[in-house]
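Chemist: here is the input, now give the coordinates:
(one chain, ligands or ions: 1)
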Amino acid sequence: MQPAPVAAGMQRHSMRVAEREPERLARRMPRMRRDIPRRRLNEHEAPPANTIAFRAMPYRRRTAVAEPLARRVAFKSTRRGNGVASRARAAAGSPERLARRVRTQPPCQARRATGARSDVKTARQSGIRSGVDNLLYYGDNLDVLRRYVADESVDVVYADPPFKSDQNYNVLFKERDGQRAASQIRAFEDTWTWDQEDEAVYAQLVTQGGRIADALEAFRKFVGPCDMLSYLVMMAPRLIECRRVLKKTGSMYLHCDLAACHYLKMLMDAVFGPENFRNQITWKRTFAHGNVSRNYGSISDILLFYSKGDAFTWNQPFKVLSEAETERKYPHTDPNGRRWQSVTLRNPGQRPNLHYPYTASNGVTYQPHPNGWSCNLERMQKYDQEGRLHFPAKPGGALRLKMYADESPGERLQNIWDDIPPIGAQAAERLGYPTQKPEALLERIIRASSAEGDMVLDPFCGCGTAVVVAQKLKRQWIGIDITHLAITLMKERLKDTFGESAAFKVVGEPVSLPDAAALAASDPYQFQWWSLGLVGARPVEGKKGADKGIDGKIVFQGESVGKFESVIISVKAGGVTVSQLRDLCHVVDREKASIGVFISMQDTTEPMRMEAVTAGFYESQAWGKQYPKIQLLTVADLLAGKQIDMPPIRQVNATFKKAPKAEAVQGEEQRLGL
Ligand SMILES: C[S@@+](CC[C@H](N)C(=O)[O-])C[C@H]1O[C@@H](n2cnc3c(N)ncnc32)[C@H](O)[C@@H]1O
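Modeler: Residues are numbered from 1 along each chain as shown. Here you go, the predicted model:
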């Protein structure tokens, strides 16, 4: 089994990934101890990066991508060429051995076996590199970073962690017909409570001394051992890892909001050094709203921008002015319609050598400012010949220079970004993932702080905005997320956006039966999300009322336009019985579904197979074919590539809206007449 985080269900308590009933919660593995040194593993015990080489399939839908407002930002490269990123190659080791450890040991030991802790030889120590450009990791980013990402291998980190919002984030499902489904699923939790684990991590960080220890001790003194301290103790080691993997020319953007940004600023100062703080960007993330009382509306997020050192990559972004802004800034118009403004020709410093009287083409002689002109005589004459000199109306007035709007890249971008709107309800890029960020925001960040071919890391990548933008901008990328829900969604998004042109590896998903067994044993929810992803189904959470007894669904176009049929899926991570299958048959009847699919880790029994056979067929007039009404699929079948036998309609994960195709991919398809 590969990366550890998968099998071990490495999520910490405060980031539980699914809404669970109390008894389910009680059954869950003890929480991961995030930062406490554990027994050192031998090098050969480190799990390898079993990878699924994933090549996305072509995508047929065409969706026009609106030119986002924020694209009207120009960039000017001012620093260094492309860096070739290095990265960790998977550490050597036996997956079976690891899986055995995971299966046979009590959870805490299993976690230890799989947890990529400081006790495992890290990517940094081994200096290993991966031959693959783009990698999607399922797992806890702390473990993944430590295990797989080499020192100084990344050009820009964009981190968008839970904000300590004390909220839980739901994904709202959309059915294929565009209707909002009744069900929701909890994507991740962002609630925090100080506990003994935090205490241990805190103790370890403080024992290490230095600025980070000082900051944490100060926080503790100030806020006490509370939920905020718990959050900061979670963030500290992750920020340390982010800095470690950055190249000397690299930068990091930490996306946060008012809940914790002031503490995070101090923590970032401690990790990067206050001298490497570059800016605090305020992004107006939403429109003004009225649901605020006795306070100002909160409509902004904060991006803390740090570099690793002074020689950081920087491509100056410029804001292209709107028409109104252009008219305001360039108030004059030439007869040919070119807009211009006049700027001073006075030198800002004392320049005696630029102190000459100038007789211009209008016959008037102009005297310089006591500082001198801002250019030499030759240049002045050239300006004059080009008609760029603006002669003052009043005698004795100052000679000025004309600057044309169409020659300017725009205004240097400032640290208040109010030109990137939130993702609208109907926006093509909206996928339905909570906290999804606009591509325009990531485009700006990645362009400013990296060059083509550079490496972008998003350790909290959610539905993958940063990785999709990195791919569009021809950067390499690494994305990490702790839920199979996010990983499944990202795979779909990359496939939908780039078709076959985006090559990437997924690391951390089960690739063998022992892997899958380990996942099923450690976290049935993650197992469920993963196995549903294999058949392109969306998970159904809550399972109350209409969804009772349903783990996943695929909705597909039925016999006639506008008529939708469904496939209902039941997933069993543990033992299987014929009564479970009968339950599925009842649900299929109750829901008037076309097909029911029973996915199990274990082999099905003879009575189950009999029961399935007696259920008969779903007959599709349109396809002139019969499909078994109840189908049994084991995880072994799925890993061998077997799929649901259903009408040949693209079986996409209907959990989220599909991502629009990248322009280059659209263009290529049009060229090929597809
Ligand atoms: C705020 S969302 C990121 C949204 C993302 N920027 C986007 O545009 O979709 C935070 C993500 O971090 C993930 N996450 C939380 N803790 C994590 C951890 N320890 N390791 C990896 N991912 C984590 C959550 O599952 C969630 O998807």
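
Chemist: and this structure, which residues reach the ligand?
Modeler: 15, 140-141, 160-162, 188, 433, 435-437, 460-463, 465, 480-483, 486 (Cβ under 6 Å from any ligand atom). Placement of C-beta: from N, CA and C, glycine included.

Chemist: now for the residue in the chain positioned nearest to the ligand: which residues touch it?
Modeler: The nearest approach of the chain to the ligand comes at Gly462, 2.6 Å away (Cβ to the nearest ligand atom). Counting by Cβ atoms under 8 Å, 6 or more residues apart in numbering, Gly462 makes contact with Asp160, Ala187, Tyr433, Thr435, Gln436, Lys437, Asp481, Ala486.

Chemist: by pLDDT, give me the weakest of these.
Modeler: Lowest pLDDT of the contacts of Gly462: Ala187, 62.

Chemist: among the residues of the chain next to the ligand, name the buried ones.
Modeler: 15, 140-141, 160-162, 188, 433, 435-437, 460-463, 465, 480-483, 486 (16 or more other Cβ atoms under 10 Å).

Chemist: would you map out the domains in the chain?
Modeler: For the chain, automatic domain parsing gives the domain ranges 4-165+230-319+418-516, 323-408, 537-639.

Chemist: and the ones you listed, which is most packed in?
Modeler: The highest mean neighbour count among these, using mean count of other Cβ atoms under 10 Å, belongs to domain 4-165+230-319+418-516: a mean of 20.

Chemist: is the residue of the chain closest to the ligand in a helix, a strand, or coil?
Modeler: Classification of Gly462 using DSSP: H, G, I helix; E, B strand; the rest coil returns coil.

Chemist: how much space between it and Pro434?
Modeler: 8 Å (Cβ to Cβ, to the nearest Å).

Chemist: kindly report the same for Ser408.
Modeler: Distance from Ser408 to Pro434, by Cβ to Cβ: 40 Å.

Chemist: next: Glu241.
Modeler: Distance from Glu241 to Pro434, by Cβ to Cβ: 25 Å.

Chemist: Lys491 now?
Modeler: 19 Å.

Chemist: over to Asn376?
Modeler: 60 Å.

Chemist: could you do Cys375 as well?
Modeler: 55 Å.

Chemist: same deal with Gln280?
Modeler: 25 Å.

Chemist: what's the answer for Val567, then?
Modeler: Applying Cβ to Cβ, the value for Val567 to Pro434 is 26 Å.

Chemist: quick one: pLDDT of the residue most central in space within the chain?
Modeler: The chain has Cys461 as the residue nearest its centroid, 2.7 Å off, counting by Cα atoms, centre = their mean. Here the pLDDT value assigned to Cys461 is 95.

Chemist: dihedrals phi and psi, it?
Modeler: phi -90, psi -10 (degrees, to the nearest 10).

Chemist: tell me which element the closest residue to it other than its chain neighbours is part of?
Modeler: Nearest non-adjacent residue to Cys461, counting by Cβ to Cβ, 6 or more residues apart in numbering: Gly479, 3.7 Å away. Gly479 belongs to strand 476-481 when assigned by DSSP states H and E.

Chemist: who are the packing partners of that strand?
Modeler: strand 135-138, helix 141-148, strand 455-458, helix 465-472, helix 484-498 (3 or more Cβ pairs under 8 Å, 6 or more residues apart in numbering; DSSP states H and E).

Chemist: export those to TSV and tack on distance to Gly508?
Modeler: Converted to TSV, the helices and strands packed on strand 476-481 look like this (distance: least, Cβ to Cβ, whole Å):
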stretch	distance to Gly508
strand 135-138	4
helix 141-148	8
strand 455-458	15
helix 465-472	15
helix 484-498	8
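
Chemist: quick one: distance of the host helix or strand of Ala236 to the chain centre.
Modeler: According to DSSP H and E, Ala236 maps onto helix 227-245. Centre-to-centre, helix 227-245 and its host chain are 18 Å apart (Cα atoms, centre = their mean, to the nearest Å).

Chemist: what packs against that helix?
Modeler: helix 141-148, strand 154-159, helix 196-207, helix 210-223, strand 246-256, helix 261-272.

Chemist: partners of the fifth one in the sheet?
Modeler: By that I understand strand 246-256. strand 154-159 (parallel), strand 300-307 (antiparallel) (DSSP bridges).

Chemist: could I get those strands as JSON lines with distance to Ile599 and mean pLDDT?
Modeler: Shown next, in JSON lines, are these (distance: least, Cβ to Cβ, whole Å; pLDDT from 0 to 100):
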{"stretch": "strand 154-159", "distance to Ile599": "35", "mean pLDDT": "98"}
{"stretch": "strand 300-307", "distance to Ile599": "39", "mean pLDDT": "97"}
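
Chemist: low pLDDT regions in this protein?
Modeler: 1-132, 165-166, 168-188, 541-548, 561, 649-658, 663-674 (pLDDT under 70).

Chemist: could you tell me whether Gln626 really is in a strand?
Modeler: Yes. Checked against three-state DSSP, Gln626 lies within a strand.

Chemist: so in terms of bridging, what pairs with it?
Modeler: Residues in beta-bridge contact with Gln626 (DSSP bridges): Glu619.

Chemist: that one and Asp645: what is the separation?
Modeler: Counting by Cβ to Cβ - Gln626 and Asp645 are separated by 9 Å.
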